[in-house]
Every structure is written in C-alpha cells, then in structure tokens.
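1. What follows is a predicted structure for the sequence shown.
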Amino acid sequence: MTETKSTCCYCGVGCGVIIESEGGQVAGVRGDPDHPANFGRLCSKGSTLHLSADVKIQQQVRALYPEMRDLVAGREEVRGQERQRSDWDTVIASMAGKFADTIKTHGPDSVAFYISGQLLTEDYYVFNKLAKGLIGTNNIDSNSRLCMSSAVAGYKQTLGADAPPTCYEDIDLAEVIFIVGSNTAYAHPILYRRIEQAREKNPALKVIVADPRCTDTAREADLFLPILPGTDVALFNGMLHLCLWEDLIDLAYIQEHTEGFAELKQTVRDYTPAAVAKTCGIKEADLVQAARWFGQSKASLSLYCQGLNQSSSGTAKNAALINLHLATHQIGKPGAGPFSLTGQPNAMGGREVGGMANLMSGHRDLGNPEHRAEIAAYWGVDDVPATPGKTAVEMFEAVRQGEIKIIWIVCTNPAQSMPEQNLIREALQKAELVIVQEAYASTATVPYADILLPASTWAEKTGTVTNSERRISRVRPVIPAPGEAKHDWQIASQFAQALARLLGKSPTNFKYDSDEQVWNEHRDSTRGRDLDITGLSYAILEQQGPQQWPYPAGAITGKQRLYEDGIFPTVNGRARFINTAYQPVKDGVDARYPFSLNTGRLRDQWHGMSRSGTVAQLFAHVAEPGISMEATDMQRRFLKTGDLVHVSSRRGTVILPVVESDEQRAGQVFIAMHWGEEYVSGRGHAQNASYGVNALTSPAIDPISKQPELKAAAVKILKAELPWRFVVFAWLDSDHAYSIQAALRPYMREFAYASCTPFGRDKVGVIFRAANEEAVAAELLEKIEKIFGIKGADVLRYDDRRRSVSRHILVKEGGLAAVALAGDVSAESWLKDFLQAQEPVARLGRLLLMPSTTAPQGFAARGKVVCSCLNVTDIEINKALGDMEGLPADILNGLQIKLKCGTNCGSCVPELKKMISFNIQEKVY
C-alpha cells in the first residue's frame, strides 16, 4: 500500500487528503492531519473520493479515447452522426485546421473557450495563454463566472485587488461571525466544523446568519435574519446606518486609510431601521442587534458565498458588506475581515492566471496598456487584446447568434449548470464546432460534442490549486489516467503547437515538458504583483506543505492576513467605499409567478454530480429530485409530499415531486442546484422540454461582474395531472449499474416526467420513476424492464392489460432483485425498503404481488439515512432519543457514543442537533 499526499477536488476549502493506492488503483482516502486547511477532517464527499475512483465505475462513466464526427460533412449531417473513436494526432490536426480556417475567415473573436474552476492552475495558465497570447482573443471564460465573479469585482472595487484579506485561523479568533448567503454547514462542512469548535472554545462567540432559508447553518445561529431574497444590500446599508447612529464606526481609520465615505454616508442615511426591516422582511429589533454585535465586537468576520454572488446586484452586495467592514475597522486584524468562500477547488487559481474574459495574468488590469504590454513581452507576442471577451452568458448568446463559430468547453457542464437552458442548448446546436474536453462521458453536454477529448481527473492529475485563504497546495497523482486520457494542460499545449504552425507563429512558446515548467512560468509572471509567489517552488510546497500568497522572493513564509498596515493595492493606497443602493431582483414575483425560487447545495452532492453522482451512498440523504415548499403554501394548493407539480418560470417548466419543508417561509421554494437532465427530465408540457432546475433560472446578469442571478427566479406551481405511474428499482451488477443508468436516459423523454438515480451502499441499485397523462405502450415498459434484467422464469408477474396495471418482481437467491410497478405503484412504499434491507422473501410468496401500501407483518423499514458515513437512519436515531434525557450537548454525545453517527466527517451533526431539539420539544409538550 502506497500513501500519497494530495488535495480534495470539491469545494474551495482545499482540504488535504492522503490517498492510499495499491496495484494501480485507489484503495482509500483520509484527511491529511498536517494540512492547515482541514487538519485531517473530511466531509461526506471528500471521505468517499476513493469510491468515485473505483475502476469498475471509471470504466462505465469515463471518456477514454478521442472521438470525432466527420467534420467535412455539412453542419446538419455532422450533428446527425455518432462520434467515432480516433487518435490524438488526427483529432488535434483536425481541430487546429478548423480553428485556423475560422480565425483567418472570421477573426480571432469567432472562437471561444469555456473552462472551469475544477482545472488546476497549470491547466488554466496554458489555456489562458493559448486564447489571449496565440489566438488573440479574450473570449475565454470560466464557470467561476457562475460562482465567484461578483466576489472578485467587489474586492477589486473596494480593496483594489482580488485578494481575500483573511485566513481560516480568523474563525478561531473572531468574536462575531456573520454568515450571509451561505449554508456553510452544507457547502463548506469542514469550515463549519471549525466554527463549531470555535464556539465550544469561546461560548461568548456570536454567530449571525442572514439567509432567506432557515438552513442547518441558520438554525444553529445566535441570531437568524430571514431576509427576503435579494435584499442583502439593504441589510448591510441598514447595519451601517445603525453603526453610524450609535457611534460604532472608526472615524480615524476611515480618514487615514479610505476614501469615498462622505458619499456613502449620505446614501445610508435613508436606510433607517424601520425601512430596512420592512424591505428585508425581518424584525427591527433583530436588525439593531446584528448591527450592535457586529460594530461593538473587537473582531467581526464575515463568511459569504453564492447568496451574495449569484445576483444581478452581486457586486453591490459584496461591496456593501465590505463597506461595513471598512467603516467599523473590521479588517486587517486577527479575527476580522470580509471572507468570500470559494465555490470550486481552484476558482482562486484561475483568477490568479487571469483565466476569465476580463482578467489578466498575475492580477493585472486588462484595461491598462502597460499591463498588457508586460504580458505580451513575457509571452513573446506582439500584443494582448484590450477588449474584454464574452463572459459566460454572453458567450453562449454569441454562439447562438453565430458571432462565435467554435466553442471549446473544458471540464464543465453548461448543459446542466448554465441558466436558461433553452438558450444554451440552442447555442450548442447552432455552433459550427463544439469541442468538449471531459473526464466524464456521462454529462449532459457531451452529446453536443463534435469532438470529445478525454481528460485526466482527481488522483490522476498533477499540479497546484489555491484555496479560499490564498493557500497553494500540490495535487499529486497516484494512478495513471485510464485509456488515452491526457492532462488538460497537455491537450492545450499540443493543440497550441499545431495551431501556431498553421498561423505562421512559433510553437516553441507552448513546448512544456512538465506541469512544473508551466507553474514556474506562471510564478515568474507574478513578480512584483500583489500575489507575488516568486519565492515559492514545487520543492517548497512538497517539503514544507501548502503556502499562502503573497510569498515573494526572499520570504520564508506566506502572509496570513492582508492590509494589517492599512495600505491597500490602489493608486493612492486607500480602500474605497462604494456608494451602493438596494435594487430588487430582476426576475421579481407577481400575480402570475407568485413564488420566489432559490437554488443551492445538498449536503452530500457537488455541482452537476458528474463525480459525486457515481457514489450511490451519497444519495442516501436526499435520494431523488424534488422542490421544497412551505406547509401552508402546500395546503392552499391541496398538495401533499410526493405530489408532482409543474414548476414554471418565464423561461421553461420542470415537473418535480413536492416536499414539505420548514426551511423557507411562505412564498418561497427551493430546488437543489444539482438536478440536471442526467437525473430528472421528461417531455414537460407545451413547447418546453424539461432540462432540470436550470430550465427555470434567470440569465439576468450583474452589470459589473456579469454573474447570472441563479439564486432568484419567479415561478408558478400547479399540480401536475399525471395519474399513470411507473417505477422500477433493482440491484445491479456494479460493473454495469452506471452504464445502465446512462442507457435509461433516452427513455426518460418518453414520459411527461421521469427521474433516475442510484441507491445503495455495499451494493448499487438504480431507481427509475416516471409519470404520464395516460398509460404508455407495454412494449416501452418491457424495454426498460429488460435493461434492469427483469425477464425470464424467475420473474413473478401480475398483469391487468385492461387497466394498464402490472407488477413484475424478480427474485434471485431468495431475495428481491428487481421490482417493476406500472399503473398502481402503491406497493413501492414497502417493496423498495424490503429490497434494500435484502430480506428473504420465501415467507411472502404471492403477497409480493399485492397492491398493498402496508408492509408485511414483522417487517419495519430502516428509514431515511441521516449519517451517510456510518449508515445511521432517522428511525434509529429517534428510537435512541426516546431513552435519553439531559442537555442537548449531553444528548448529542450520548447519540454519538451509542450509534456513532456524526463521529466521522461530522456533516450530519447539525441535523442531529435539529432532531434532538424536536425530540426535547415533543417531550415537553
């Protein structure tokens, strides 16, 4: 067994992991106790990384070989073809030829690159240099545009540079932690563990949470501000108004280190407590309490994420919060500062190399001629284009309009993650050439690819990433990439050399022998910049561990926190107050669309689930897609949990089961961001096909950051009249389970609604669920059942053709192996639990075919999994709670001793606390 230190590939916390490998396979993973980001902790996703790298899974879901359609044929003919396996030399030559012809005919801005915060810094650097240096276009943007661009713009506007001024240690030193627009307990669990630990050490620490939803993070706060969607600027301005009124600002600091305060002061005069409380939908007393805690504290730390960023006012929200920090001097000192939590593992690294349409390498300014000249000279090119390129939403609109002819998509899944999916898919259909560079062939974007380039992924890649606190870590490989997959930077480099020859330019600028050579070039480009890392090397990162920037030549360590001297990277060294005013969300509710839709993360899943979706046990906490709705809203519409509803925005419609939830107030609904067409789809209704949650979201963008408003869309909800139901679930051979799930995807379009997700733990199963206005042809059901292996003499059958009802049950080795129910699916309520429990069925016989909703006597379902790591359910937890008394902390400790839940990654601890609280209330009343 070999152990190798590397990093996790999920969120921007940048946790260190130790990967165990043997015989060319990943055998296990655990947290690195020496890594300063996590000190050995891992969340439920990180702790199961090794399962996603299982060779049986990889063979089913990975892109293994270059594939290409016949690019000589006409456009419509090309789209009608299946891609054929090819070789790297042929594909690279074809791509280079297409790019060269298009650039010569239509100019460099006729091509574009859409890349990813999942890339390593080295990958990012080569693609950025390829676009801006070789081709001469700024049409290169990243999916970080969807998560971090407002934070970037906010930092640059106020502090002068895209540099989070804080560090993780500040969580331990803060007196007040203000969490806004972030369900940290779900999105950044390891940081939340650190908050929990800080509260244990310092009972006086106050946690304030502002969020439209009463999440697990909000539920544990000392003060929860359930603000209405999009009202963050009003909240921050209102808090600043109170800090001014109660003399909680630091006038000396403002006068010596900032500018622009007088204008902002005039604006916030109008943000009175009464007006702000009304705008935000919160209690005036709570607003006053929040402002006092924040302003009176010796160290106030803000943690924020997509609730601020994914907004048409995202930059203003970020700036308004930073204004509050500057005015109260809650910055540049231990335990204080505005801390944006990065949404992807290397969104920060991509920003460092300038891998976005409006950025330049080394945090240089694209609009500064001297900065452009510096990079042009460094890269050995005549110039770097001055005009900003198309950002994410703009880029796909330009493709749709025919302005951009070729789009190269790298390590991201826009057919799942981008807003207004009808626009995105129309663009992908109209593009003259779509190139998709991917590790996973199972994403929704891959079918649109004319060329598919197989890329390496976690445990195979080598390079660096930078986390939220500016800390650079090494990523090390432990296994070879499967098939003919290459590293992303290698593919870009090989292509660039081929294209350079066709454009009459020197290919030598792109001849890299290693990732370290690429990184060294990036490192040297930072000399003299705010993020100067010229004192770092791969050797230092490997010998001394992860390091924070800046780390200039001659330094012996990086810098923990910035601006302690009150000097900022602006022209005059002063921070800038930005005069922010509240603007409502662009897609506001009205009589026709009365609900405000919010999107966000599930605890155990990540982004579009191309990786986490290959680990069946990660579906245990939330098994299937759904829309969460407040109880009284459901009652008014005669809805109950499990009913299907049409969720319609001004852009599209999705059909989903509704789930009663106490997390949002009336008039608000929530859908997890992960549910794309890979897991939920169908014909929908009218002209709108169902492409998952982002068929609904708004493409409205912030005018400065260009980040779309994924967090706020107006929707209407109507009960779906789909009386005929069909469900199939089965244990499957692990060699084929995910291939079968992929094979079922085309059949989902045959129904008005369908979903398909894996389940299981030691074994892997798949559940396919569908609903329709009327019964579908028996032949279609038979095809689906055969894919599940429901055929032959071992199948128990009941068929009523007249009523379109059937029950087909496959028994193997004395237990349930597969179940298919059509028409009447009432027995699913216990048959699925019976199958998952792997109970023997001999005593049941024909009872298996009965349409009863009640389980046979003597069988009890295990319930919903709460602790994914140790497979502990709510029924087991509630049973244990029945015998426990005492303080909540003592009860939690007793649960952990008795059932072990919450003792591994800790991600379920907030939910355990919620269950304990409910149990105590029930005993009292």
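-> That came through, no problem. Numbers count the residues shown, from 1 in each chain.
2. Give the buried residues for the lowest-mean-pLDDT helix or strand in the chain.
-> Here the helix or strand of the chain ranked lowest by mean pLDDT, DSSP states H and E is helix 75-79, holding a mean of 71. Residues of helix 75-79 classed as buried: Val78, Arg79 (neighbour count, 16 or more other CB atoms under 10 Å). The C-beta positions use only the backbone N, C-alpha and C, and glycine is treated the same way.
3. So which elements touch it?
-> Of the remaining helices and strands, none touches helix 75-79 by 3 or more CB pairs under 8 Å, 6 or more residues apart in numbering; DSSP states H and E.
4. ok now that helix, how far from the chain's centre?
-> Per CA atoms, centre = their mean, to the nearest Å, the displacement of helix 75-79 from the mean C-alpha position of its chain is 33 Å.
5. low-confidence ranges in the stretch 651-800 of the chain?
-> Scanning the stretch 651-800 of the chain for pLDDT under 70 picks out the ranges 684-689.
6. Show me where it has its helices.
-> For the stretch 651-800 of the chain, applying DSSP state H, counting those that start in this stretch gives helices covering 737-748, 778-787.
7. Can you give me the buried ones in the helix of greatest length in the chain?
-> Taking DSSP state H as the criterion, the chain has its longest helix at helix 88-106. Of all the residues in helix 88-106, those buried under the rule 16+ other CB under 10 Å are Trp88, Val91, Ile92, Ser94, Met95, Ala96, Lys98, Phe99, Ala100, Thr102, Ile103, His106.
8. before we move on, the earlier item: got the CA coordinates for the least confident helix or strand of the chain in CSV?
-> Taking Å, rounded to 0.1, in the frame of the first residue of the first chain, the C-alpha atoms of helix 75-79 are listed here in CSV:
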residue,chain,number,x,y,z
ARG,A,75,-23.5,21.0,-40.4
GLU,A,76,-26.7,19.1,-40.1
GLU,A,77,-25.1,15.9,-41.4
VAL,A,78,-22.4,16.2,-38.8
ARG,A,79,-24.9,16.6,-36.0
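9. Whichever helix or strand comes after that helix pairs with which strands, and in what direction?
-> In the C-terminal direction, the helix or strand that comes right after helix 75-79 (DSSP states H and E) is strand 84-85. Paired with strand 84-85 in the same sheet, following DSSP bridges, are strand 67-68 (antiparallel).
10. which SS state does Pro454 fall under?
-> strand (DSSP: H, G, I helix; E, B strand; the rest coil).
11. pretty sure it is touching Val61, no?
-> No: counting by CB atoms under 8 Å, Pro454 does not reach Val61; the two are 11.7 Å apart.
12. so of the helices of the stretch 651-800 of the chain, which one's packed in deepest?
-> Among these, ranked by average contacts under mean count of other CB atoms under 10 Å, first place goes to helix 737-748 (a mean of 18).
13. the inter-axis angle of that helix versus helix 778-787?
-> If you take axes from the mean of the first three to the mean of the last three CA atoms, to 10 degrees, helix 737-748 sits at 170 degrees to helix 778-787.
14. which secondary structure elements does helix 737-748 contact?
-> Here helix 737-748 touches helix 55-61, strand 753-760, strand 764-772, helix 778-787, going by 3+ CB pairs under 8 Å, 6+ apart.
15. Need the ones you listed in TSV (columns: distance to Leu120).
-> Below are the helices and strands packed on helix 737-748 laid out as TSV (distance: least, CB to CB, whole Å):
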stretch	distance to Leu120
helix 55-61	19
strand 753-760	28
strand 764-772	30
helix 778-787	37
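16. Out of these, which is closest to Gly863?
-> Closest to Gly863 of the helices and strands packed on helix 737-748, according to CB to CB: strand 753-760, at 14.0 Å.
17. Helices of the stretch 401-550 of the chain, residue ranges please.
-> With DSSP H, counting those that start in this stretch, the ranges of helices along the stretch 401-550 of the chain come out as 414-417, 421-430, 488-502, 515-525, 538-544.
18. and these as JSON lines, adding mean neighbour count, distance to Ser142 and mean pLDDT?
-> Listed next are the helices of the stretch 401-550 of the chain as JSON lines, based on neighbours: other CB atoms under 10 Å; distance: least, CB to CB, whole Å; pLDDT from 0 to 100:
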{"stretch": "helix 414-417", "mean neighbour count": "26", "distance to Ser142": "11", "mean pLDDT": "97"}
{"stretch": "helix 421-430", "mean neighbour count": "20", "distance to Ser142": "16", "mean pLDDT": "95"}
{"stretch": "helix 488-502", "mean neighbour count": "23", "distance to Ser142": "13", "mean pLDDT": "98"}
{"stretch": "helix 515-525", "mean neighbour count": "20", "distance to Ser142": "16", "mean pLDDT": "98"}
{"stretch": "helix 538-544", "mean neighbour count": "12", "distance to Ser142": "23", "mean pLDDT": "97"}
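19. can you tell which of the ones you listed is closest to Pro203?
-> Closest among the helices of the stretch 401-550 of the chain, using CB to CB: helix 538-544, at 35.6 Å.
20. C-alpha coordinates for that closest one, CSV please?
-> Extracted C-alpha coordinates of helix 538-544, given in CSV (Å, rounded to 0.1, in the frame of the first residue of the first chain):
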residue,chain,number,x,y,z
TYR,A,538,7.3,22.9,-6.1
ALA,A,539,10.1,21.8,-3.8
ILE,A,540,8.9,24.1,-1.1
LEU,A,541,5.3,23.0,-1.5
GLU,A,542,6.4,19.4,-1.3
GLN,A,543,8.8,19.8,1.6
GLN,A,544,7.1,22.4,3.7
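21. contacting residues for the spatially most central residue of the chain?
-> Closest residue to the average C-alpha location of the chain: His607 at 3.3 Å, with CA atoms, centre = their mean. Contacts for His607 (CB atoms under 8 Å, 6 or more residues apart in numbering) come out as Gln344, Asn413, Ser417, Met673, His674.
22. ok, now which ones touch the second one?
-> Same thing as Asn413. Thr443, Ala444, Thr445, His607, Gly608, Ser610, Gly676.
23. and it, how far is that from Gly682?
-> 20 Å (CB to CB, to the nearest Å).
24. same thing with the third one?
-> Ser417 sits 20 Å away from Gly682 when distances are taken as CB to CB.
25. And for the first one?
-> Distance of Gln344 to Gly682, computed by CB to CB: 30 Å.
26. out of those two, which sits in the more crowded spot?
-> Gln344 (26 against 23; other CB atoms under 10 Å).
27. Right, I'll leave it there.
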